[in-house]
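> below is the sequence, then the predicted model.
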Amino acid sequence: MENRPVPNIAVLISGRGSNLRAIVSAVRAGELRARVAVVLSNRTDAAGLDYARTEGLTTVVIRHGDFASRESYDMALVTELRRHEVALVCLAGFMRQLGAGFCDAFPNAVLNIHPSLLPSFPGLHAQRQALAHGVTLSGATVHFVWPELDAGPILMQVAVPVLADDTESSLSNRILVEEHRLYPRAIQRVLDGGWRIEGRRVLANAPAALR
């Protein structure tokens, strides 16, 4: 296994890039066997780009406002990511919904992390939604990306208790700590192989002796 080439991954961001930092830290610590080939953003002012540059990573900005349609924007992303020969695309606070053309270009090779226990509370302000509904458990989900919002098969989840005195900020911060632990592990699971998707479920392949 260690003799295999280290796979290239891309990390797509729109903001501060805290999960990008967690991914890079896991790579540097030897906990994630991957190479961050490119950090791509739709915003020139994304703070995570500055961090990526200080780490010597390749950064690219493709602004969605420069394109007439979501489809043309998605295809520009596909072209750039293929240029970097990435095996896996990791969305980390990338605030653009990707369409069928993008997902078809990287079948079962696009991940996202979301701050709730999906399918509960998809979309924006998941922590605010959790508090408004009075749930006692929230958490984080890493899932494969389908064109429908936060609807792809669930890869890994972690639960975070909702405390009686939680605010949106305090709950968000505790979930974020778990996101940073979860995402590198989920990425490694995908890169290791030995899984398949049946319907909406991610399942482990049966051992060869049992097939």
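Alright, I've got the coordinates.
> please identify which helix or strand holds residue 113.
If you go by DSSP states H and E, residue 113 is part of strand 110-114.
> residues in contact with that strand: which ones?
Applying Cβ atoms under 8 Å, 6 or more residues apart in numbering, the contact partners of strand 110-114 are 19, 88-92, 94, 98, 102-103, 122, 126, 140-145, 150, 152, 155, 179, 182-183, 186-187, 190. Where you see a C-beta, it was placed from the backbone N, CA and C, and this is true even at glycine.
> show me the beta-bridge partners of the residue nearest the centre of the chain.
With distances taken as Cα atoms, centre = their mean, residue 112 lies nearest the centre of the chain, 2.9 Å away. Here residue 112 sits in beta bridges with residue 91, residue 143, as judged by DSSP bridges.
> which residues touch residue 93?
Residue 93 neighbours (Cβ under 8 Å, 6+ apart): 13-19, 48.
> among those residues, name the buried ones.
In the contacts of residue 93, burial by neighbour count holds for 13-15, 17-19, 48, counting by 16 or more other Cβ atoms under 10 Å.
> for residue 132, state which of these is nearest.
Proximity of the buried ones among the contacts of residue 93 to residue 132 (Cβ to Cβ) peaks at residue 15, which lies at 23.1 Å.
> so that closest one sits against residue 48, correct?
Yes: here residue 15 reaches residue 48: they are 6.5 Å apart, a contact under Cβ atoms under 8 Å.
> report the buried residues of stretch 151-170.
If you call a residue buried by 16+ other Cβ under 10 Å, then stretch 151-170 has these buried ones: 152-158, 160, 162, 166.
> er, stretch 96-110 actually
For stretch 96-110, by 16+ other Cβ under 10 Å, it's 96, 98, 101-103, 105-106, 108-110.
> among those residues, which ones are in helices?
Assignment to helices by DSSP state H places the following of the buried residues of stretch 96-110 there: 101-103, 105.
> looking at these, spot the one nearest residue 41.
residue 102 (15.6 Å).
> ok, back up a step: list just the nearest of the buried residues of stretch 96-110 to residue 197.
Set against residue 197, the nearest of the buried residues of stretch 96-110 by Cβ to Cβ is residue 108 (6.1 Å).
> separation between the closest one and residue 37?
According to Cβ to Cβ, to the nearest Å, residue 108 stands 19 Å off from residue 37.
> please apply the same query to residue 95.
Per Cβ to Cβ, residue 95 is found 22 Å from residue 37.
> can you map out the strands along this protein?
Assigned by DSSP state E, the strands in the chain fall at 8-13, 35-41, 59-61, 88-91, 110-114, 137-144, 154-161, 195-198, 201-204.
> and these: which comes nearest residue 24?
Closest approach to residue 24 among the strands of the chain is made by strand 35-41 (6.1 Å; Cβ to Cβ).
> what mean pLDDT does that closest one have?
Strand 35-41 shows a mean pLDDT of 98.
> same thing with stretch 99-118?
Mean predicted confidence for stretch 99-118 is 98.
> ends of that stretch, how far apart?
20 Å (Cα to Cα, to the nearest Å).
> please report how far the residue nearest to the centre of the chain lies from residue 66.
23 Å.
> what's opposite the closest residue to residue 37 other than its chain neighbours in the beta bridge?
Excluding its sequence neighbours, the residue lying closest to residue 37 (Cβ to Cβ, 6 or more residues apart in numbering) is residue 8, at 3.8 Å. With DSSP bridges as the criterion, residue 8 is bridged to residue 35.
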